[in-house]
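Undergrad: Provided below for reference: sequence and predicted model.
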Amino acid sequence: RCITRILGGSSTYPWPRIKEPPLLDDLLDENGKPLLIDGHVRGNPNPFIKENEFYMAGNEEFNSWGPRFPGDTGLVNIGPFIENAMDGIKQSEFHLFVQCSEHCHQRYWHGEDTHCGRHYVGVYRLSCDIDEFSSRVTFNSTGSTGFPPEHKIKIAKFYADRRANKDRLPGRFYDKAKASVGIEEWSKKSDKDKDILAEFQELVETNYTIHVAPVEYVRYDEKLYKALKDFGAYPVREGIEGRVSNLPDQLHQWT
């Protein structure tokens, strides 16, 4: 809620391109008082993002190899850069948020009180030409060229949810899903779970693929972080109390 209200876009899309940057004049802080954003003058455009720019804030399963903290290196999905190139839009730098991991063995683990929240790691840019240095990550591969196993079912759920109001998958994917778990287990599944398992089989058949490329750290936007915090972003998951550090070198920029 806080990220999309400040930067715009939809929380259901991993890299929203902002057609109309939000107006910030009428924002209230968590105490119901006018939000005074450092560097923003009432009546002026949004200081954090411009028209047709994107930021990245997708779920962990779509960005499993990104920077873990401000200044860290990593890989990001090149989808938004391809979309920009097709539309003739040039954008070199972007705000990057990563979703904190749910389990301690995963890349974005920052403690049990933070999992599933968004962690602002700063402003980044591609560190190479995507035509020369992008890599393929495929659904059916293992190791460094494949998705982490625990993320595959989450990707299937994402696409099953998006398909909910559209055409249902062909029956052969449900047949494959039933065969993969067995008739007895299949009979215990809810309709939603069956849709997810069928979607999983479709991703296997098409060998769902994304392309990633390395990024490098540019700077940390302290004003954006402070605006998010003042607007009510939680330092940890909702319902759990915690402390927010404003210093990027302490690496606790929870939003």
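TA: Right, received. Where do you want to start? Numbering: from 1, shown residues only.

Undergrad: let me know the secondary structure of residue 160.
TA: Following DSSP: H, G, I helix; E, B strand; the rest coil, the label given to residue 160 is helix.

Undergrad: how much space separates it from residue 70?
TA: Taking C-beta to C-beta, to the nearest Å as the measure, residue 160 falls 34 Å from residue 70. Quick note: C-beta positions are derived from backbone N, CA and C, even for glycine.

Undergrad: cool, residue 83 as well?
TA: Distance of residue 83 to residue 70, computed by C-beta to C-beta: 26 Å.

Undergrad: could you do residue 125 as well?
TA: Residue 125 sits at a distance of 14 Å from residue 70 (criterion: C-beta to C-beta).

Undergrad: do the same with residue 184
TA: On the measure of C-beta to C-beta, residue 184 and residue 70 end up 50 Å apart.

Undergrad: and the two? Which one has more around it.
TA: residue 70 (21 against 7; other C-beta atoms under 10 Å).

Undergrad: quick one, phi psi at the more buried one?
TA: phi -60, psi 130 (degrees, to the nearest 10).

Undergrad: and residue 214, that one's in a strand?
TA: Yes: counting by three-state DSSP, residue 214 falls inside a strand.

Undergrad: my read: it touches residue 67, true?
TA: No: the pair residue 214 / residue 67 is not scored as a contact, 10.2 Å apart, by C-beta atoms under 8 Å.

Undergrad: who has more neighbours out of the two?
TA: Neighbour count, other C-beta under 10 Å: between residue 214 and residue 67, residue 67 has more, with 23 against 17.

Undergrad: secondary structure class for the nearest residue in space to residue 4 that is not next to it in sequence?
TA: Closest residue in space to residue 4, ignoring its immediate chain neighbours: residue 11 at 5.4 Å, by C-beta to C-beta, 6 or more residues apart in numbering. Using three-state DSSP, the structure places residue 11 in coil.
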